[in-house]
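Peer 1: Fold the stuff below for me.
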Amino acid sequence: MTWGSLGTIVGLLGACLVALILVLVARREAAQRRESVEREVEEVRDRARTLMADAERREQRVSDREQAVAAEQAQASELSRVARASAESAAQLERSAQRLLADAERDAAQTRAAAEEAAARTRAEAEKAATAELESTAGLTAAEAKAELARRLSEQARNDAESLVRRAQAQARRTAEAKARRIVATAVQRTAVATSSQAAITVIPLPNEEMKGRIIGKEGRNIRSFEALTGVNVLIDEQPDAVVLSSFDPERRELAQVTLEALMADGRIHPQRIEAAYADAVASSDERTVAAGHDAAERAGVEGLHPTLVRTLGRLRLRTSYGQNVLEHLVESALVAASVAAEIGADVEVARRSAFLHDIGKALTSEVAGTHARVGADLARRHGESDVVVNGIEAHHDEVPTETVEAVVVQVADAISASRPGARRQELDQYVERIDKLEQLVAAHAGVRRALAMSAGREVRVVVEPSEVSDSDLPQLAVAIARHIESDLVYPGEITVTVVRELRASATAG
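Peer 2: Numbers count the residues shown, from 1 in each chain. Modelled structure (predicted):
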């Protein structure tokens, strides 16, 4: 504290003390005046009472001695007049005293108001002087000081809020991840499905070695006729006691399998018989389609499907996605969705039914324009499925918003079935292209110095420029990159985004 500030404070205290003394003095003088007037009035009253008493005694004596004291009557009259004059004087004195009291109170009020006004002026001048002293000492005006204080408080509140948000997000993430892992692990453990993707071959066991010769025929005419008719390569010597049918067309491979199994059951194998068995296999294709649909629905635990939906599902037995059979994928998704829904308390049957039908549109994408999610949703809607089931089908790739928790469960089951190890396979070129696209998408964000896709594209390490991105900006940047990946990149499963900021400094001593 400076000497100037100390002097200002002392002056302020002195002014307040002077004002207090003035008020006390005014009050004391008014009290003294009031006491003096009251004493004078009381003396007048006493004299008046005394004179009245004397007059009464004399009048009594005059009445008693009417004849004797005629002269005293005049004196009594005079005394009465004097008494009346004294009473009037006393009344006047009392009125004067009241006026004096009123004047004293008014003077005291004026004095008090003047003292308070003087004290207020002194206090305002002292505050103004103190403010000026502080402004000159700090080098800031009052408005600038308020703005700086507001800025610091706002920055502190924002930092505190961001810290609370980060802690809450971390706690929620830890809890959610632990619960999600438990639910997914439980659902996967309860689901028994094939662990490898579908290959481009079919292996048919032979009852005996003699059957190989019959399949080949004289000079190979049977096998040539079979391959020419079915469009499938027949590999006799690949495996012992088995025939391998090789083709990338699953429909051709199925027709060849049915034809060959019918020929082996009949025992007669020659070109004419091969043509007849093949025609029967083609004719019974619709029956196999319906049977496959019913079998899949039974394994998935879904009942009451429209016949058209059953037939359409059966067509998916010949459809693959990255080597994964689509119908098997639907059965697996239905089982996983039912387990997840049971764990979280959702509607198990709605989740099971939606997951079982979510890819049904893939059987019609070559015939109807639109994405398989929208095509499948329209097909289910036309054949009596409920709105919640239709939404689960249409929203499983986020083409429309999810309206129920069961729709979210369908997305989870679809991702689990598609992303589990061994479920699907990708060509090397497609894999490399997806990794490059992921790294380019992340590197396009401001402040990113380098993006590295790791763990087969399931994790992205992002290295940022420390001069452009601060520590407090890292959570927002990670969330922005994750949202960009979700909106612009199609991928199975999840991608974890890790943002790294490292500040290094070096110097050379010459």
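Peer 1: And what about I435, helix, strand or coil?
Peer 2: What DSSP: H, G, I helix; E, B strand; the rest coil gives for I435 is helix.
Peer 1: correct me, but it touches E459?
Peer 2: No: between I435 and E459 there is no contact under Cβ atoms under 8 Å: 11.5 Å. In short, each C-beta sits where N, CA and C put it, glycine included.
Peer 1: any common contacting residues for these two?
Peer 2: A453 (Cβ atoms under 8 Å, 6 or more residues apart in numbering).
Peer 1: would you list every one of the helices in the stretch 151-300 of the chain?
Peer 2: Counting by DSSP state H, counting those that start in this stretch, one finds helices in the stretch 151-300 of the chain at the ranges 210-216, 221-230, 250-266, 271-283, 285-300.
Peer 1: Mean neighbour count and mean pLDDT added to these, as CSV?
Peer 2: As requested, the helices of the stretch 151-300 of the chain are exported to CSV (neighbours: other Cβ atoms under 10 Å; pLDDT from 0 to 100):
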stretch, mean neighbour count, mean pLDDT
helix 210-216, 16, 84
helix 221-230, 18, 85
helix 250-266, 19, 87
helix 271-283, 16, 90
helix 285-300, 17, 90
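Peer 1: Select, out of those helices, the one closest to E29.
Peer 2: Ranking the helices of the stretch 151-300 of the chain by proximity to E29 (Cβ to Cβ) places helix 285-300 first, at 107.0 Å.
Peer 1: which element follows that closest one toward the C-terminus?
Peer 2: Downstream of helix 285-300, the first helix or strand assigned by DSSP states H and E is helix 307-315.
Peer 1: Buried residues of that next one, list them for me.
Peer 2: Buried residues in helix 307-315, defined by neighbour count with 16 or more other Cβ atoms under 10 Å: L309, V310, R311, T312, L313, G314, R315.
Peer 1: any chance of these in a markdown table, with pLDDT and distance to A482 too?
Peer 2: Compiled in a markdown table, the buried residues of helix 307-315 are given as follows (pLDDT from 0 to 100; distance: Cβ to Cβ, whole Å):
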| residue | pLDDT | distance to A482 |
| --- | --- | --- |
| L309 | 92 | 36 |
| V310 | 92 | 40 |
| R311 | 91 | 41 |
| T312 | 91 | 36 |
| L313 | 91 | 35 |
| G314 | 90 | 39 |
| R315 | 88 | 37 |
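Peer 1: List just the nearest of those to L330.
Peer 2: Comparing the buried residues of helix 307-315 against L330 with Cβ to Cβ picks out L313 as the nearest, at 7.1 Å.
Peer 1: show me the contacts for the closest one.
Peer 2: Counting by Cβ under 8 Å, 6+ apart, L313 has contacts A292, G293, A296, A297, L305, L327, L330, L357, I360, A363.
Peer 1: Likewise for V350?
Peer 2: A341, S386, V388, V389, G392, T404, E406 are the contacts of V350 under Cβ under 8 Å, 6+ apart.
Peer 1: and those residues as CSV, adding secondary structure?
Peer 2: Formatted as CSV, these follow (three-state DSSP):
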residue, secondary structure
A341, helix
S386, coil
V388, helix
V389, helix
G392, helix
T404, coil
E406, helix
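Peer 1: Report the buried members of those residues.
Peer 2: The neighbour count (16+ other Cβ under 10 Å) marks A341, V388, V389, G392, T404, E406 as buried among the contacts of V350.
Peer 1: from those residues, which two are the most distant?
Peer 2: Within the buried ones among the contacts of V350, two members stand farthest from each other by Cβ to Cβ: A341 and V389, at 13.0 Å.
Peer 1: List just the nearest of the contacts of V350 to L164.
Peer 2: Set against L164, the nearest of these by Cβ to Cβ is T404 (31.6 Å).
Peer 1: you'd agree the closest one is up against G392?
Peer 2: Yes: counting by Cβ under 8 Å, a contact exists between T404 and G392, whose distance comes to 7.2 Å.
Peer 1: which residues in this protein form strands?
Peer 2: Assigned by DSSP state E, the strands in the chain fall at 201-205, 233-235, 242-246, 320-321, 324-325, 448-454, 459-464, 496-500.
Peer 1: Select from those the stretch with the lowest mean pLDDT.
Peer 2: The weakest mean pLDDT among the strands of the chain belongs to strand 320-321, with a mean of 76.
Peer 1: And for V412, the neighbour number?
Peer 2: Burial of V412 is recorded as 22 neighbouring residues (other Cβ atoms under 10 Å).
Peer 1: quick one: pLDDT of the nearest residue in space to it that is not next to it in sequence?
Peer 2: Take V412 and drop its neighbours on the chain: the residue closest to it by Cβ to Cβ, 6 or more residues apart in numbering is V340, 5.8 Å away. Looking at V340, its pLDDT is 87.
Peer 1: Can you give me the neighbour number for V340?
Peer 2: Using other Cβ under 10 Å, the number of residues around V340 comes to 26.
Peer 1: Next: R39.
Peer 2: Other residues near R39 come to 10 when the count uses other Cβ under 10 Å.
Peer 1: swap in A337?
Peer 2: By the criterion of other Cβ under 10 Å, A337 has 32 neighbours.
Peer 1: Then D387?
Peer 2: For D387, using other Cβ under 10 Å, the count is 10.
Peer 1: Would you enumerate the residues in contact with it?
Peer 2: Going by Cβ under 8 Å, 6+ apart, D387 touches no other residue.
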